[in-house]
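J.: here is my input; please provide its structure:
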Amino acid sequence: MEVDIAFLPWTTALQAWPENTVVALPRGICRHTVRFVRINATVYAIKEIEQHYADREYALLFDLQRAGVPTVAPVAVVSSRLDDNGEPLPAALITQHLEFSLPYRALFSSAVRPETTTRLLDALAVLLVRLHLIGFSWNDCSLSNTLFRRDAGAFAAYLVDAETGEMHHRLSPGQREYDLETASMNVAGELMDLAAAGRLPDSIDPVMPSNSIQASRSSARKACHDWL
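T.: Prediction:
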């Protein structure tokens with residue numbers, strides 16, 4: 001795998017990578033350029049990001065994986081990139097693509113039942129509780145920063161973007177509430193975007209489901225034996 005990764009076009013900005021190098025997979029909204037590549041039957045996600053943030057996010061993802069929290073697996077950071085003219089390029093964070101997972105927008109690409117939204121929010125709430133239990137403040141909890149995988153009749157949520165996160169020994173009530181308020185605001189905006197695009201069932205009020213994260217989180221805390 002190392003040899004194959006070495007032969008990727010690292011001297012070219014990720015946005016300009018040739019089509020025969022990347023694979024087309026659904027991806028969520030991201031402030032950075034992201035591409036997928038297939039190496040030895042395994043798919044990897046590559047995100048172009050400044051060196052400091054790439055190193056930091058790699059370390060956070062590693063810690064979350066070690067703690068058993070559902071998240072994408074960090075693989076490597078490619079640093080000291082230069083283009084063909086010797087100009088510096090951002091670092092590249094490599095993570096392993098989560099098989100059978102989808103971003104939330106892909107789940108709404110066709111008609112969905114109203115209860116699908118509830119199940120997604122329940123999964124997001126469980127993930128948020130598990131993060132808080134180990135002292136991780138997400139600071140940008142949203143559907144966009146999450147991957148979802150079907151789990152029997154429900155969904156399992158996986159953190160895919162830890163760029164804004166912080167690891168603490170223990171979270172204060174204020175830190176937990178900030179995450180909850182941020183999640184409610186972000187989810188409301190994301191659902192309103194879906195409604196504006198005609199991809200949200202008419203029976204769903206975009207604002208009300210986001211408010212239900214509080215109730216979902218309370219139930220998840222009990223299920224996880226949260227002592228906070």
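J.: contacts for stretch 56-73, please.
T.: Here stretch 56-73 makes contact (Cβ atoms under 8 Å, 6 or more residues apart in numbering) with 45, 49, 74, 76-77, 93, 95-98, 127, 130-131, 134, 136, 147, 156-163, 165, 167. C-beta coordinates here come from the backbone N, C-alpha and C atoms, glycine included.
J.: those, buried ones only, as a PyMOL selection?
T.: Buried residues among the contacts of stretch 56-73 (16 or more other Cβ atoms under 10 Å), as a PyMOL selection:
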select buried, resi 45+49+74+76+77+93+95+97+98+127+130+131+134+136+147+156+157+158+159+160+161+162+163+165+167
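J.: could you list which of the contacts of stretch 56-73 belong to helices?
T.: Among the contacts of stretch 56-73, the members falling in helices (DSSP state H) are 127, 130-131.
J.: longest single strand anywhere in this protein?
T.: Determined from DSSP state E, the single longest strand within the chain is strand 42-49.
J.: in the helix or strand that that one is followed by, which residues are buried?
T.: Counting by DSSP states H and E, the next helix or strand C-terminal to strand 42-49 is helix 51-66. Within helix 51-66, the residues scored as buried using 16+ other Cβ under 10 Å are 51, 53-54, 56-58, 60-61, 63-64.
J.: for helix 51-66, what is the average pLDDT?
T.: The pLDDT scores in helix 51-66 average 96.
J.: ok, stretch 26-39 next?
T.: Average pLDDT, stretch 26-39: 84.
J.: other residues contacting that stretch?
T.: Stretch 26-39 has contacts (Cβ under 8 Å, 6+ apart) with 1, 4-5, 8, 13-15, 17, 21-25, 43-49, 97, 102-106, 109, 143-147, 160-161.
J.: and stretch 95-113, by the same measure?
T.: Residues from elsewhere that reach stretch 95-113 (Cβ under 8 Å, 6+ apart): 25-29, 36, 42-45, 47, 61, 72-75, 116, 120, 143-144, 146-150, 158, 160, 190, 194, 199-201.
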